[in-house]
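Trainee: Fold the following.
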Amino acid sequence: MATLIGLLASSGLRSGEVVRLDRTDVDLTNGVLLVRKTKFRKDRLVPVHTTTQAALRHYVRERDTAFPQPKDQAFFLSSRGNRLSATGLKNGFAEVRKFA
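Mentor: Okay, the predicted model is just below:
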């Protein structure tokens with residue numbers, strides 16, 4: 001959740017855009033995210049800061065260790081290894097708020 005919330009805060013993406021990101025949409029070499037079908041059904045490129053790239057790389061290592069054979073191509077995975085849903089994000093954020 002920390003990486004996902006950090007990406008939301010640093011990039012200005014909407015929560016629905018973040019959960020729809022696929023692995024191929026995240027270019028950590030060039031520091032660019034491809035956000036598909038945004039508000040008004042357009043695609044856009046979103047640059048990310050080098051510190052955000054580093055955090056995303058760390059998440060990728062952790063994710064790929066936990067789920068070496070993912071169930072789908074989602075960038076952010078749930079604790080079950082499939083795409084994190086909007087409800088899953090909402091519930092996870094609520095848990096983080098309680099913890100904080």
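Trainee: Quick check, Arg36 in contact with Gly16.
Mentor: No. Using C-beta atoms under 8 Å, Arg36 is not in contact with Gly16, being 11.1 Å away. For the C-beta atoms, the positions are set from N, CA and C on the backbone; glycine is no exception.
Trainee: count of neighbours near the nearest residue to Ser85 once chain neighbours are set aside?
Mentor: In this structure, Ser85 finds its nearest non-sequential neighbour in Val19, 6.6 Å apart by C-beta to C-beta, 6 or more residues apart in numbering. Val19 has 20 neighbours, counted by other C-beta atoms under 10 Å.
Trainee: wait, isn't Val19 in contact with Leu89?
Mentor: Yes. Judged on C-beta under 8 Å, Val19 makes contact with Leu89 at a distance of 5.7 Å.
Trainee: could you give me the average pLDDT of stretch 82-98?
Mentor: For stretch 82-98, the mean per-residue pLDDT is 92.
Trainee: now the strands: where do they sit in the protein?
Mentor: Residue ranges of the strands in the chain, as given by DSSP state E, are 26-27, 32-35, 44-47.
Trainee: centre of the chain versus the shortest one, how much separation?
Mentor: Strand 26-27 has its C-alpha centroid displaced from the chain centroid by 10 Å (C-alpha atoms, centre = their mean, to the nearest Å).
Trainee: got it, and stretch 37-55?
Mentor: With C-alpha atoms, centre = their mean as the basis, stretch 37-55 stands 10 Å off its chain's centre.
Trainee: Next: stretch 76-94.
Mentor: Going by C-alpha atoms, centre = their mean, the spacing between the C-alpha centre of stretch 76-94 and its chain's C-alpha centre is 10 Å.
Trainee: Give the buried residues for that stretch.
Mentor: Neighbour-count burial for stretch 76-94 flags Phe76, Leu77, Ser78, Arg83, Leu84, Gly88, Leu89, Gly92 (criterion: 16 or more other C-beta atoms under 10 Å).
Trainee: Over to stretch 30-45?
Mentor: Applying a neighbour-count criterion of 16+ other C-beta under 10 Å, the buried positions in stretch 30-45 are Leu33, Val35.
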